[in-house]
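Novice: Kindly return the folded structure for what I paste below:
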Amino acid sequence: MIYAPDQWIDPIALTLGPLSIRWYGISYMVGIILARFWMLRNLRQLKPPFTAEQLDRFIFNWSVVGIVIGGRLGFCFFYQPMYYLQHPIEIFYITDGGMSFHGGLLGVILAAVLFTKREKLKLWNLFDLCALASPLGLFLGRLANFVNAEHFGHPTDQTWGVLFPGGGGVLRHPSQLYEAFLEGVLLFTLLNLVNTRTQLLKKSPGALSGVFMIGYGLARATGEIFRMPEAFLETFSFGLTYGQALSVLQILIGVGVYRHFAR
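Specialist: Residues are numbered from 1 along each chain as shown. The predicted model follows:
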């Protein structure tokens, strides 16, 4: 048995007067910084038709807004639309938690479309750079979920089961760590190995974005096998959780994108 994460690490990293800085927020910040480093590394190697300064403007002025607004709106309207339509002011209660990857993805896509149109740049080059770096942030985000003791898994009798607060007093799968490995370590390795072997980033703009969508969809759908569904969501009659249903849709779109651009 592993003791609950809140017994050995405080979800609040730092308190400055009335301001509390949580590990969850730090994970976003560090993830963006690491993603910027990796995107710049690939930018310098392959020399796409835009500059490091333009990439910085996109990351810090556009993508951050897309992640936060898209992630929050995605959570509110993908998962609890009726509640937030009845309590619209609570959409702005970001500190209470509630972010959606799929909403954040849509937010970044919209930000990239607007940015590349304004700067007259190639959209799919930017999408591919984001795809190569995104698993870094996903990895840290899942670790932060573990620290927050949220999104834990089904009961288990395995020796690595964790006793989470709010988990009913039974050992549960640390599904956040499974997802950190699948969506972070494994997906990052896969994407960058594919790019190293095939040079898709250079030869077939858009294809890596398809690989990312397929890979993330598979990783998320697998992780959801061990993860407890949110209390306010029902499992579909055909056995898929809500997250798995969104992942299947993402996989299908990813296949279409890859087939369109790969050559």
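
Novice: which stretches of this structure have low pLDDT?
Specialist: Scanning the chain for pLDDT under 70 picks out 1-8, 94-97, 231-238.

Novice: Show me where it has its helices.
Specialist: Ranges of helices in the chain, per DSSP state H, are 23-46, 52-57, 64-74, 81-86, 101-119, 123-147, 175-179, 187-198, 200-203, 207-223, 242-261.

Novice: Show me what counts as buried in the shortest one.
Specialist: When burial is assessed from 16 or more other CB atoms under 10 Å, helix 200-203 yields the following buried residues: Leu200, Leu201. No exception for glycine: its C-beta is placed from N, CA and C like everyone else's.

Novice: next one: that helix to chain centre, how far?
Specialist: 23 Å (CA atoms, centre = their mean, to the nearest Å).

Novice: which helices and strands sit right next to it?
Specialist: helix 23-46, helix 123-147, helix 207-223 (3 or more CB pairs under 8 Å, 6 or more residues apart in numbering; DSSP states H and E).

Novice: Would you mind giving these as JSON lines with distance to Leu114 added?
Specialist: Listed next are the helices and strands packed on helix 200-203 as JSON lines, based on distance: least, CB to CB, whole Å:
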{"stretch": "helix 23-46", "distance to Leu114": "18"}
{"stretch": "helix 123-147", "distance to Leu114": "10"}
{"stretch": "helix 207-223", "distance to Leu114": "17"}
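
Novice: Reformat the helices of the chain as JSON lines; add distance to Gly153.
Specialist: What follows is the helices of the chain, written out as JSON lines (distance: least, CB to CB, whole Å):
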{"stretch": "helix 23-46", "distance to Gly153": "19"}
{"stretch": "helix 52-57", "distance to Gly153": "37"}
{"stretch": "helix 64-74", "distance to Gly153": "22"}
{"stretch": "helix 81-86", "distance to Gly153": "25"}
{"stretch": "helix 101-119", "distance to Gly153": "17"}
{"stretch": "helix 123-147", "distance to Gly153": "11"}
{"stretch": "helix 175-179", "distance to Gly153": "3"}
{"stretch": "helix 187-198", "distance to Gly153": "19"}
{"stretch": "helix 200-203", "distance to Gly153": "34"}
{"stretch": "helix 207-223", "distance to Gly153": "9"}
{"stretch": "helix 242-261", "distance to Gly153": "13"}
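
Novice: Just want to check the distance between the nearest residue to Glu90 once chain neighbours are set aside and Ala207.
Specialist: What sits nearest to Glu90 in space, not counting adjacent residues and going by CB to CB, 6 or more residues apart in numbering, is Tyr84, at 6.4 Å. Counting by CB to CB, to the nearest Å, the gap from Tyr84 to Ala207 is 37 Å.
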